[in-house]
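# Next comes the sequence, and after it the predicted model I'd like to discuss.
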Amino acid sequence: MSKVSNHDPRLAVEIAGIHFNNPVLGASGTFGYGLEFADLIDLNRLGGFATKGLSAKPLAGNAPPRIVETHGGMLNAIGLQNIGARAFIEEKLPRLRGYDTRIIANVFGYSDEDYIEALTILNDGEGIAAYELNISCPNVKEGGIVIGNSPDAAARLTEKAKRASSRPLIVKLSPNVTDITKVARAIVGAGADCLSLINTIVGMSVDVNTRRPRLSYGTGGLSGPAIRPIAVRMVYEVARTVDVPLIGIGGIASTSDALEFIIAGATAIQIGTANYYDPTITMKVIDGLSEYCENQSLENINSLIGSIKAE
Amino acid sequence: MSKVSNHDPRLAVEIAGIHFNNPVLGASGTFGYGLEFADLIDLNRLGGFATKGLSAKPLAGNAPPRIVETHGGMLNAIGLQNIGARAFIEEKLPRLRGYDTRIIANVFGYSDEDYIEALTILNDGEGIAAYELNISCPNVKEGGIVIGNSPDAAARLTEKAKRASSRPLIVKLSPNVTDITKVARAIVGAGADCLSLINTIVGMSVDVNTRRPRLSYGTGGLSGPAIRPIAVRMVYEVARTVDVPLIGIGGIASTSDALEFIIAGATAIQIGTANYYDPTITMKVIDGLSEYCENQSLENINSLIGSIKAE
Amino acid sequence: MIETIATAESNRELAPGYRMLTINLIEDVRVNPGQFAMLKPRGSLEPLLRRALAIYRVEGPQRLSFLYQVLGRGTTALAQLREKDEVEALLPLGNSWSIETSGGGGAIVVAGGIGSASLLMLCEELKRLRVDTKLLFGAATERAAAGCGLEDFRALDLPSIVTTDDGSLGDKELVTAPLERELREHGHKGSTIYACGPWPMMRRVAEIAAQFKTRCLVSLEAPMGCGFGVCVGCVVAVNTGGPLDYGSYKRVCTDGSIFPSEAIRWEVNAMTH
Amino acid sequence: MIETIATAESNRELAPGYRMLTINLIEDVRVNPGQFAMLKPRGSLEPLLRRALAIYRVEGPQRLSFLYQVLGRGTTALAQLREKDEVEALLPLGNSWSIETSGGGGAIVVAGGIGSASLLMLCEELKRLRVDTKLLFGAATERAAAGCGLEDFRALDLPSIVTTDDGSLGDKELVTAPLERELREHGHKGSTIYACGPWPMMRRVAEIAAQFKTRCLVSLEAPMGCGFGVCVGCVVAVNTGGPLDYGSYKRVCTDGSIFPSEAIRWEVNAMTH
Ligand SMILES: Cc1cc2nc3c(=O)[nH]c(=O)nc-3n(C[C@H](O)[C@H](O)[C@H](O)COP(=O)(O)OP(=O)(O)OC[C@H]3O[C@@H](n4cnc5c(N)ncnc54)[C@H](O)[C@@H]3O)c2cc1C
Ligand SMILES: Cc1cc2nc3c(=O)[nH]c(=O)nc-3n(C[C@H](O)[C@H](O)[C@H](O)COP(=O)(O)OP(=O)(O)OC[C@H]3O[C@@H](n4cnc5c(N)ncnc54)[C@H](O)[C@@H]3O)c2cc1C
Ligand SMILES: Cc1cc2nc3c(=O)[nH]c(=O)nc-3n(C[C@H](O)[C@H](O)[C@H](O)COP(=O)(O)O)c2cc1C
Ligand SMILES: Cc1cc2nc3c(=O)[nH]c(=O)nc-3n(C[C@H](O)[C@H](O)[C@H](O)COP(=O)(O)O)c2cc1C
Ligand code: FES
Ligand code: FES
């Protein structure tokens, strides 16, 4: 739990006034409440992480089976099982504060009011660096439409959330849209300090023997290396559209994957699914970024952000 | 070139009055003009195939590099290089007519007029079973918007194309949309006889050494097993929305993959990228479907179509 | 729990479709009976996810073996491993069989198919503790029984009954049949049932245990994303307010894989097969 | 062209990062110098696409060898192949070196790095036809030269010049330097240059050939989707109305891989590296 850790100063980045020791973060839903990794990696070396989606009240989640592996990725329909915002503050935060890493509380609700309620609870929590609004989870039946797929609904929620929150606000974009730049513009116009993207892509897998979907929920969210090219493209598009910093997410499983997102326009990146099959991947990518800076004689990784050469 | 081939009668399907010996087709852009496979497989055993996208005039396509492999798939930005509708009729069709397989002419244009012009030329071609309108190619700069991403534009083109064409009209859907059922409904409302889905998903890959996109065009279309869960989900959604037959496409590389689409609601399937790395895959899937019918004591594959058990 | 790169020492076929993998570690581990590991060949990208395998046997402080059935993508990838190949491993994981000796009751161990892999170390421990133990060992065929390690169990010399689905070895019946007979005919008061096998078998074991009011522990399977508790993908439905005051869903990887049978809502199937 | 499952006979390392794979086929094939195959380990799913490898040598009617450098995903997968492993193969593909003997001119063969793999059979053929041949063989280092099959070329006993980037063997210069000297100093009237190597090398070879008005054939590389002409992914930009009346883009796999150097629009790079 010691906070003494040698950080490569070339890797430090800033988002909405928050200092990150490096741009490598754990993605929501794949990093638990952070503590699960305490025995596996040096949490003090990690740039930060987003918690499992927290709701105002605890949620039980969907019935199993909840995950199925696909080619180069996996589908999940966890249904946002979580301990609730209050329990997070009381049970997890005190221990997390011992680490020198930025804690992003990922927030979820079925309605605008749910989000505000969760944020209000979390405002009491000491040691949270920022909020990440999950407006794009495809695995919950209630609510009807997915807020993140509609520029208007997303902007409306962002505005309310920004008012309710005492901390910088990251909004996480849904990839399940015709034009992600439209939603991005609306959300930034409504006051978001940062956008993270992408969440999972809606998919389905069928058991051809039983003729049933392999997930009890029917459809699920596709994540992992399979979706990386789609995520890189979306980061590239959004980076050319809005002025706030971006956090790139989607299939990152190596240093070179992380660099693709940074070059395409992301200030930081989140690693999701890869944590499952390689629990120390975040450390490897941090080391890899230092090496890249060395080899390319970069004084600072910030000069890479959005440095893509494309018309 | 003999037409004598033993077809498993259980596999025969019909789409818009066209009889297919089996539901296994080669996908446009991955099956050339069909003849490239004459030495590799028995074309008489193939259900059919869609030609490389044909335009009224020949097209040169994009500069290289045009393809890049990703995890579980590939990106392409061919730019619809093709010999043109006229040359297809004159140079390819006469030889293709010798085979007992259904030829679907895939049609492409930069404007409604281009499409109509290509269709008008192709109406002269003897031996074409149907047209497949590619309204969703993401790799061409001209034209601005992608017609397939807008229900209105897609319906307008479908209506005109239906009037101009002397043959059943399949319209190929773009997956790069928020709600594929909206576009599907609009297109069916405008007179399409069948929908095929999905085309490729827009993606990007960056060379982290040169900081340039790996494709000269910048972005490209993602295909292959990586996208299969997304494609299955879309077929499932569209099958519950419209009444015309569907052709399922996206990452099919085995019998079980093909079955997922059929169970989700597709009457036939097209195999794309898998032809590149396994040129005899269509034959394997046809054999596999017969075996499945045998094992499951199915008298007819038609009873499988849309038989998914899901609420 | 350590995350490490192990080295395959051997990976031999015990019977068609069944293999034993032995790996060497670079540090000591302490393993309790019933714990498992998440494994995959180093650097292999298809499939991506590791697979859970019960630790079959501790061959030494840095040497473990696993018994597995080659079923799908993950186990096929593991089956390719040859001597000296590297293996990504996270281990040991999960809780372990808790042996109840205070009541003086004995143990009935029910192994169904490859579920046996989780039970050899338990049997060794029961023997060491001199617990009165009866082994019920069920498999599809004689060959499958060999693949499920029957010889290793026999070497322990415990009273046992073998069943096969096709009658090629032992009695032609399901392994739950002798379990029911045992409880009906011999009472086994104060005994504990330890079971691992396919879901339908364990469901039936749980029913029988309830009927005869016998303590019963089951080791469950679920498709696993991570194996260490973060994905929440491996859950089973449990009775709220039931044993150990469970909530609606529990993670097989960290809350289990071993549960009291009455905690489980058996009608909600964790696995589709 | 046959689509087949071949069997690996051996796959040995010639030098760090360079390997020779020998496969056995179940039917006879006829191969011309400069043709290639599309290969991958059977059933391997990552990467998906096969890789193009020049047919290095015909060891018998059903036995071929390939020389390759382990660079990325595809060649790493091929490097895992062991004796008796199966290989998915489509072969032989592409056109072949057309040897011009009528003019009486000689041949200058320019091999750059692993480009040598496409040239050994050509050299054998040139020798068989008694064409006056000069071999210019360039590699990064002495070890790389060994990995690129230098010994096999030396066994043909052709007049040759070796260059390395670091001077560890032969002259420390690019292989295009001796090419220029040859043409400047010895004229080589009526000769043909046959070149295979990295794009920048071939571009320079093409310039030199143009400068000295010498016939020049190059074997090109491009990322390949299929290898048999259907994906149209492997194109190079060519001069319209140029030699053979090419259009704007030609497929390396079926229109090539061998092209007259003046057909190519060298400023449009087919490969990013
Ligand atoms: C805690 C725990 C311990 C385990 N210990 C062992 C062990 O010691 N030895 C062992 O062999 N396995 C063990 N398993 C199961 C193992 O982890 C895999 O789930 C199983 O081997 C199938 O994986 P696969 O990669 O072969 O199949 P996948 O590629 O994941 O699936 C392929 C096909 O096999 C089917 N399938 C998957 N699992 C099963 C199954 N269990 N029965 C029937 N069909 C199935 C799937 O439906 C699918 O159609 C354990 C699982 C858990 C959770
Ligand atoms: C007709 C033809 C014949 C060929 N014959 C041979 C042969 O006989 N022997 C042989 O070794 N190769 C040969 N190649 C090249 C081979 O097909 C592969 O393209 C090459 O080995 C790289 O594939 P990979 O899977 O290792 O790398 P990939 O995984 O495809 O790429 C991984 C990394 O390597 C880089 N890379 C890819 N290709 C090269 C390259 N050529 N030089 C430098 N970096 C590269 C990529 O940019 C990427 O960063 C031939 C290619 C063609 C088209
Ligand atoms: C099992 C699982 C659970 C997830 N739960 C959440 C969540 O609670 N909140 C959220 O914003 N994103 C959630 N995600 C999405 C990830 O944070 C990430 O956006 C997505 O998986 C893409 O990244 P990856 O390909 O690296 O996994 C979840 C993803 C997975 C695989
Ligand atoms: C190289 C390439 C070229 C393609 N060209 C066309 C085309 O001309 N017209 C079209 O409608 N679809 C085209 N497609 C899309 C395929 O027909 C198919 O819809 C898509 O690749 C998804 O299927 P798959 O995953 O099986 O490849 C092309 C795909 C690839 C990979
Ligand atoms: S496998 Fe991930 S929580 Fe159990
Ligand atoms: S590699 Fe597909 S056309 Fe050449």
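Looks like it came in fine. Ligands and ions are numbered 1, 2, ... in the order given.
# what residue is smack in the middle of chain C?
Nearest residue to the geometric centre of chain C (Cα atoms, centre = their mean): C:Ser118, 2.7 Å.
# Could you give the backbone dihedrals for it?
Backbone torsions of C:Ser118, given as degrees, to the nearest 10, read phi -90, psi -10.
# Let me know whether it touches C:Gly197 as I believe.
No - here C:Ser118 lies out of contact with C:Gly197, judged by Cβ atoms under 8 Å, at a distance of 9.2 Å. (Each C-beta comes from the backbone N, C-alpha and C, glycine too.)
# Okay, now the unreliable bits of the stretch 101-250 of chain A?
A:137-145 (pLDDT under 70).
# who touches the helix or strand containing C:Ala206?
C:Ala206 is part of helix C:199-211, with elements assigned from DSSP states H and E. For helix C:199-211, the external contacting residues (Cβ atoms under 8 Å, 6 or more residues apart in numbering or on different chains) are C:110, C:112-113, C:115, C:138, C:174-176, C:179-180, C:183, C:193, C:195-197, C:214-216, C:218, C:220-221, C:261-262, C:264, C:266, C:269-271, C:273.
# residues in contact with C:Thr141?
Shown in contact with C:Thr141 (Cβ under 8 Å, 6+ apart): C:164-166, C:168-169.
# So which of those residues is surrounded by the most neighbours?
Within the contacts of C:Thr141, neighbour counts (other Cβ atoms under 10 Å in any protein chain shown) peak at C:Thr164, which reaches 22 neighbours.
# Can you check the pLDDT for that residue?
pLDDT recorded at C:Thr164 is 97.
# Make sure it is actually in contact with C:Ala146.
No - at 10.9 Å, C:Thr164 does not count as touching C:Ala146 under the criterion of Cβ under 8 Å.
# and the helix or strand encompassing C:Phe259, what does it pack onto?
If you go by DSSP H and E, C:Phe259 is part of strand C:258-260. Packing contacts for strand C:258-260, counted by 3 or more Cβ pairs under 8 Å, 6 or more residues apart in numbering or on different chains; DSSP states H and E, involve strand C:215-219.
# and the strand it packs on, is it in reach of chain A?
No - for strand C:215-219, no contact with chain A is found by Cβ under 8 Å from any Cβ of the partner chain; the gap never falls below 15.5 Å.
# Can you list the strands that that strand pairs with?
strand C:192-196 (parallel), strand C:258-260 (antiparallel) (DSSP bridges).
# Now do the same contact list for the residue in the stretch 101-250 of chain A positioned nearest to ligand 5.
Of all residues in the stretch 101-250 of chain A, A:Ser223 sits closest to ligand 5, at 13.4 Å by Cβ to the nearest ligand atom. A:Ser223 makes contact with A:30, A:73-74, A:76, A:200, A:250-251, A:272-273, according to Cβ under 8 Å, 6+ apart.
# May I ask which of the residues you listed has the most neighbours?
Most neighbours among those, by other Cβ under 10 Å: A:Gly250, with 33 neighbours.
# Not counting sequence-adjacent ones, nearest residue to it?
In this structure, A:Gly250 finds its nearest non-sequential neighbour in A:Ala231, 2.6 Å apart by Cβ to Cβ, 6 or more residues apart in numbering or on different chains.
# Now the helix or strand that that neighbour is a member of - C-alpha only, CSV.
Using DSSP H and E, A:Ala231 maps to helix A:228-239. Coordinates of each C-alpha in helix A:228-239 appear next as CSV, following Å, rounded to 0.1, in the frame of the first residue of the first chain:
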residue,chain,number,x,y,z
ARG,A,228,-10.6,-2.5,-31.8
PRO,A,229,-10.6,-1.2,-35.4
ILE,A,230,-14.2,0.1,-34.9
ALA,A,231,-13.1,1.9,-31.7
VAL,A,232,-10.0,3.4,-33.2
ARG,A,233,-12.1,4.8,-36.1
MET,A,234,-14.6,6.3,-33.6
VAL,A,235,-11.9,7.9,-31.5
TYR,A,236,-10.4,9.4,-34.7
GLU,A,237,-13.7,10.8,-35.8
VAL,A,238,-14.6,12.2,-32.4
ALA,A,239,-11.1,13.7,-31.9
